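Participant: Structure of the sequence below:
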Amino acid sequence: MLQHFGNYLLFIASLFYRGEGPKIIFNRTIDEAILIGINSVFIVAIVSTFIGAVTCVQTAYNLTNALIPRSTIGFMVREMTLLELAPTITSIVLAGKVGSNIAGGLGTMKITEQVDALEVMGINSASYLVLPKILAAVFVFPLLVIIAMFLSIGGGYLAGTLTGEVTAQEYITGIRSDFIPYNIVFALIKSVVFAFLISSISSFRGYNTSGGALEVGESSTKAVTFSVIAILVADYLLAQMLL
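Facilitator: The predicted model follows:
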């Protein structure tokens, strides 16, 4: 375990050694951001909307005390969305989609000797291939989390009003009650950390693939597994440090 962690740190350091020019990195980062962001909007929208709806319905189901106002449903949906559901669940979903794609792509390039060809041409393959992916993920993930926030709260609104569990006025009152702006900042900080972990771990697993097609699949699986574990550990540590 320590050996793998040490190799991971050396891999991250190699991204900045003999790096490519800023213009090349910028252009590749934009391309990667489009691939990561645009291709992930649909799955993020579906997951976040239904998570918000389920949270609203389940909160209403458990809210049996007549002394507790129904606006608490909106309050709970907002707090759960901002603090945990939007940044963490969205990142776990993206770990499966984006992480496996990064690991599989780099693994395929590695076993087909495309990475070696870049090295022969004097290009730092790690910097050229991996650094733009990490920068793009760090830039795009917070935007996806913001979308998830809005859609999750909107999904809760639709579920609550359509089922009659809460009126529109009560729900809006709840989501406006005792709002703490720092919670949004906290969620965005988590999204940046999760983006770095997912992209760097997946790139590390894919870049160090050896063998054939079977090993590419194994690298993708390990990338998703380790990314999810890293997200959960980082989630706990960030909550301890920042809340």
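
Participant: And the nearest residue to Phe16 once chain neighbours are set aside, how far from Ser14?
Facilitator: For Phe16, ignoring the flanking residues on the chain, the nearest one in space by CB to CB, 6 or more residues apart in numbering is Ser127 at 7.1 Å. In this view, the C-beta of every residue, glycine as well, is placed from N, C-alpha and C. Ser127 is 7 Å from Ser14, where distance means CB to CB, to the nearest Å.

Participant: ends of stretch 158-169, how far apart?
Facilitator: 12 Å (CA to CA, to the nearest Å).

Participant: what's the answer for stretch 204-211, then?
Facilitator: For stretch 204-211, by CA to CA, the gap between its terminal residues amounts to 16 Å.

Participant: Can you pull out the low-pLDDT segments for this protein?
Facilitator: For the chain, residues meeting the criterion pLDDT under 70 lie at 19.

Participant: Just give me the residue right at the centre of it.
Facilitator: With distances taken as CA atoms, centre = their mean, Ser91 lies nearest the centre of the chain, 2.5 Å away.

Participant: Correct me if wrong: it contacts Phe194.
Facilitator: Yes. Counting by CB atoms under 8 Å, Phe194 is a contact partner of Ser91 at 3.8 Å.

Participant: Which neighbours do those two have in common?
Facilitator: Shared contacts of Ser91 and Phe194, defined by CB atoms under 8 Å, 6 or more residues apart in numbering, comprise Phe141, Ile231.

Participant: Helices along this protein, start to end?
Facilitator: Ranges of helices in the chain, per DSSP state H, are 2-14, 22-38, 41-62, 72-80, 90-94, 100-111, 114-120, 125-129, 131-163, 168-176, 182-207, 213-242.

Participant: the inter-axis angle of the third one versus helix 72-80?
Facilitator: It refers to helix 41-62. Counting by axes from the mean of the first three to the mean of the last three CA atoms, to 10 degrees, helix 41-62 points 140 degrees away from the direction of helix 72-80.

Participant: Using neighbour counts, pick out the buried residues of helix 41-62.
Facilitator: Residues 43-45, 47-49, 51-57, 59-60 are the ones in helix 41-62 that count as buried (16 or more other CB atoms under 10 Å).

Participant: Mind listing residues that contact that helix?
Facilitator: 70, 72-74, 76-77, 80-81, 85-86, 89-90, 93-94, 97, 144, 147-149, 151-160, 163, 165-166, 171.

Participant: Next: the fifth one.
Facilitator: Outside helix 90-94, the residues that touch it by CB under 8 Å, 6+ apart are 40, 43-44, 47-48, 141, 144-145, 148, 190-191, 194-195, 198, 228, 231.

Participant: Quick check: the two most widely separated of those?
Facilitator: With CB to CB as the measure, no two of the contacts of helix 90-94 lie farther apart than Ile43 and Lys190, at 19.0 Å.

Participant: Scan the contacts of helix 90-94 and report the most crowded one.
Facilitator: Highest neighbour count within these: Ile198, with 31 neighbours (other CB atoms under 10 Å).

Participant: so how far is Gly96 from it?
Facilitator: 10 Å.

Participant: For stretch 133-143, what is the distance to the chain centroid?
Facilitator: Relative to the centre of its chain, stretch 133-143 is centred 9 Å away, using CA atoms, centre = their mean, to the nearest Å.

Participant: Report the buried residues of it.
Facilitator: Neighbour-count burial for stretch 133-143 [16+ other CB under 10 Å]: Lys133, Ile134, Leu135, Ala136, Ala137, Val138, Phe139, Val140, Phe141, Pro142.

Participant: Of those, which pair is most distant in space?
Facilitator: Lys133 and Pro142 (16.0 Å).

Participant: Quick one: residues contacting the residue nearest to Phe16.
Facilitator: Contacts of Ser127 by CB under 8 Å, 6+ apart are Ser14, Leu15, Phe16, Tyr17, Arg18, Gly19, Glu20, Ile25.
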